[in-house]
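**Q** what's the 3D shape of this:
(2 chains)
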Amino acid sequence: MTTFAELLLGGVALGSVYALIALGFVVIFRATEVVNFAHASLLLAGGYVTAVLHDDIGFWPALAAGIAGAALVGAAVEFLVMRRYRGRDHSVLAIVTIGVDILLTTELARRIGTDVLSPGDPWGDAVVTIGSVTIAQTRIAAFLAAALLITAFLLAFRFTSWGVAMRAAAESPSTAALMGVRLGRVSLGAWAVAGGLAAVAALFLTVFPTPGLERSTSLAALKAFPAAILGGLDSTTGALVGGLLVGVTESLATGYQGDLTFLGRGIGDLAPYLVMVVVLLIRPAGLFGTKELARV
Amino acid sequence: MSDTLTRPRTYLWALGAVLLLALPFYLERFWLQAGLFAMAAAIGAIGINLLTGSTGQLSMGHAFFLAVGAYGYCAFAGDGSDGLSGLGLPGWLAAVGAVALAGAAGGLFSPIAGRLRGAYLGIATLALIFIGQHVLFNAHDLTGGFNGRAVPPLSLLGVTFDESELLVAQVPFGAAEKLWYLGLALLLGSALFARGVLRGRPGRALNAIRDHRIAAGVLGIPVARYRAAAFVLSSMYAGLAGVLLALVFQRTVPEYFGMLLSLEYLAMIVIGGLGSVAGAVVGGVFVSLLPQVLNRYSDALPLVSAPGTGGIAPGEASRYLYGAAVVAVVLFLPGGLVRLAARRPAPPSGTTAEER
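**A** Numbers count the residues shown, from 1 in each chain, chains lettered A, B, ... in the order given. From the prediction side, this is the model:
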């Protein structure tokens, strides 16, 4: 029972990190209808800036620099690349983001090399024990940070003029443009916000119990794709639920892999994708996604 | 017929064919290997182009089907002498079986593929990569796990495609030389078949589904069946490419069939030209030869240095180049490199649209 509670809590914390990544992914999709396959490389960029700078300027400034850096990279991708393609077909744009992803990931993987970079976080491997349940401080920090950011984001999305502009652009780009919403700015903002959220997620994907930032961190970040998809690509609620579902499944599958040896080692990394396939078989638009209606 | 004989294109084709047939007599082994990789890549790219370029179904799982082909061939042809399970079938039968197996794997995935579109499908196919990697690393009896398994040589019509030397016109023919002709024949067959499919009634139907799924259905095209068929056919092409790759490598390792390989195949068809067979071949050759060429001439090229010396390794340099090529081609050359050669106006944008 204790193990189960620990795994569940760990899974929720991990899931909230995935939810952060998936949220950025969904924001870009809603604002521009582009599926951003370069999302994992944005995350790697944020994590890299934090990990490189923390020795010189301390952890918190480094984290801020990482967030700003990833937001800048996101904005730069939007401004330099995606903006040139405005009006093109969205599935072609998705392929363009794959090209961008190849470029960014190659560059970052080359810089990281075979190193494992520490994020320099203040929590280290300290744990908190409540009753018989032990949980790492990093997990608690991850959950709190994610909850705070997600709440702030949802409030901003609901109540600020920026949020209204973004929702209007998602609803109908041409009407929004006629009403004076500057679509370029909306899309630039979406990319920057997604980058910033990804940088925070990068921090929590590289702290204890993982060894640190390495090339393969982008593979961990890829698990946000199933999270976003199984929640429904155009739903912010879906991103949260999807993230939690993916995190908890992964945590439980990893924790109980001793009992699941017939499935082979490393089943935890596979679990998110299996859950996604099952959900998509039942609900092709994801749990909270809008069913697409088409007019002929 | 007389028209064909007066067109310069005919002579260009003939010249190209003679050149390709003569190459094994002159080229060194390195370039033959590189050429074989390019042929395998071209076959695989034709397959994914049928699916993504012509039918508009984004697939990031192509590497999985390549792996099914490569490992399927090993499992069918292996005789169990290396401690791994194998059926000990004759090579040609194993190759056919591997292609059929890849097709069956594609067919098994089609209930999922059939109900998803666009990005949803792309990310669902991403699952195939991870499932594939998991199985390859864990099903030790079948795949040899991390170390992979040796590929039994193919023998066909009395010729064994291994290192046993065969003297042709005073030139010793090893595995690479012999496989070169097999690869050429397979590539030609695959390209002609795909061209036939695309130019005929099924091709029109696939393009109609890509451009407007519902309208295509209204016109009487059995959309679900065609989409499943495109998936199966594309997987079979990937399986064939996998078999050829396995024969060239002579050893299959799971690491090779990862996510990067799938992205490479997408890059190939975008760079070459979505929806055209020639585009797939051009893109396949470009993306697969690029790292080899850079590797070979890394000493002479600025900015590129040998792997492990701290600079930009050839593999990385080629990834920069084709990553940038994907972005640039979509922007400046919609329709890919083949449009450049054909000097025809680009098709209306929206080449992979499904519906709007």
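**Q** what's near enough to touch residue B:262?
**A** B:59, B:60, B:61, B:62, B:63, B:64, B:129 (Cβ atoms under 8 Å, 6 or more residues apart in numbering or on different chains). Any C-beta I mention is one placed from the backbone N, CA and C, and that applies to glycine too.
**Q** Hmm, residue B:123 and the second one touching each other?
**A** Read it as residue B:60. Yes: the pair residue B:60 and residue B:123 passes the contact test of Cβ atoms under 8 Å, sitting 7.5 Å apart.
**Q** re the thing from before, redo the contacts of residue B:262 as TSV? Include secondary structure, neighbour count and distance to chain A.
**A** Shown next, in TSV, are the contacts of residue B:262 (DSSP: H, G, I helix; E, B strand; the rest coil; neighbours: other Cβ atoms under 10 Å in any protein chain shown; distance: Cβ to the nearest Cβ, whole Å):
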residue	secondary structure	neighbour count	distance to chain A
B:59	coil	30	12
B:60	coil	25	8
B:61	coil	30	11
B:62	helix	31	13
B:63	helix	27	14
B:64	helix	32	12
B:129	helix	24	9
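**Q** name the element residue A:36 belongs to?
**A** Per DSSP states H and E: residue A:36 is located in neither a helix nor a strand.
**Q** burial measure for it, as a count.
**A** When counting by other Cβ atoms under 10 Å in any protein chain shown, one arrives at 31 neighbours for residue A:36.
**Q** Would you indicate which residues of the helix of greatest length in chain A are buried?
**A** Ordering each helix of chain A by length in residues (DSSP state H) puts helix A:2-32 first. Neighbour counts over helix A:2-32 (16 or more other Cβ atoms under 10 Å in any protein chain shown) mark A:6-7, A:9-32 as buried.
**Q** Who are the packing partners of that helix?
**A** Other helices and strands packing on helix A:2-32, by 3 or more Cβ pairs under 8 Å, 6 or more residues apart in numbering or on different chains; DSSP states H and E, are helix A:39-57, strand A:133-136, helix A:137-159, helix A:161-171, helix A:183-206, helix A:224-231, helix A:236-255.
**Q** Please identify which of these is closest to residue A:78.
**A** Proximity to residue A:78, assessed across the helices and strands packed on helix A:2-32 by Cβ to Cβ, is greatest for helix A:183-206 (3.9 Å).
**Q** Just want the angle from the closest one to helix A:161-171.
**A** Angle of helix A:183-206 versus helix A:161-171, following axes from the mean of the first three to the mean of the last three Cα atoms, to 10 degrees, is 100 degrees.
**Q** Quick check, pLDDT for whichever residue of the stretch 51-200 of chain B sits closest to chain A.
**A** Nearest residue of the stretch 51-200 of chain B to chain A (Cβ to the nearest Cβ) works out as residue B:138 at 3.0 Å. pLDDT recorded at residue B:138 is 80.
**Q** so what's the closest residue to it other than its chain neighbours up against?
**A** Leaving aside its sequence neighbours, residue B:138 sits nearest to residue A:264 (Cβ to Cβ, 6 or more residues apart in numbering or on different chains; 3.0 Å). By Cβ under 8 Å, 6+ apart, the contact set of residue A:264 is B:134, B:135, B:137, B:138, B:139.
**Q** Save these as a markdown table, and put in secondary structure too.
**A** Below are the contacts of residue A:264 laid out as a markdown table (DSSP: H, G, I helix; E, B strand; the rest coil):
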| residue | secondary structure |
| --- | --- |
| B:134 | helix |
| B:135 | helix |
| B:137 | helix |
| B:138 | helix |
| B:139 | coil |
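**Q** filter those residues to the buried ones?
**A** B:134, B:135, B:137, B:138.
**Q** how about the strands of chain B, start to end?
**A** B:149-150, B:155-156, B:159-160, B:166-168, B:171-173, B:251-252 (DSSP state E).
**Q** average pLDDT for the fourth one?
**A** I take that to be strand B:166-168. 67.
**Q** wait, what's in contact with the residue lying closest to residue B:337 once chain neighbours are set aside?
**A** Nearest in space to residue B:337, with sequence neighbours left out and distances taken as Cβ to Cβ, 6+ apart, is residue B:282 at 5.2 Å. Contact analysis of residue B:282 by Cβ under 8 Å, 6+ apart lists B:271, B:272, B:273, B:336, B:337, B:338.
**Q** Residue A:177 contacts residue A:186, doesn't it?
**A** No: between residue A:177 and residue A:186 there is no contact under Cβ under 8 Å: 9.7 Å.
**Q** Compare neighbour counts for the two and give me the winner.
**A** Between residue A:177 and residue A:186, residue A:186 has the larger neighbour count (other Cβ under 10 Å), namely 23 against 15.
**Q** Relative to chain B, how far out is residue A:247?
**A** As judged by Cβ to the nearest Cβ, to the nearest Å, residue A:247 and chain B stand 16 Å apart.
**Q** before we move on, what about residue A:153?
**A** Distance, residue A:153 to chain B, by Cβ to the nearest Cβ: 22 Å.
**Q** Quick one: residues contacting that residue.
**A** A:23, A:193, A:197 are the contacts of residue A:153 under Cβ under 8 Å, 6+ apart.
**Q** Wait, residue A:22 touches residue A:231, no?
**A** Yes: taking contacts as Cβ under 8 Å, residue A:22 lies within contact range of residue A:231: 6.8 Å.
**Q** which residues do those two both contact?
**A** Contacts common to residue A:22 and residue A:231, judged by Cβ under 8 Å, 6+ apart, are A:239, A:240, A:242, A:243.
**Q** How far off centre is stretch B:329-337?
**A** Here stretch B:329-337 is found 21 Å from its chain centre; the criterion is Cα atoms, centre = their mean, to the nearest Å.
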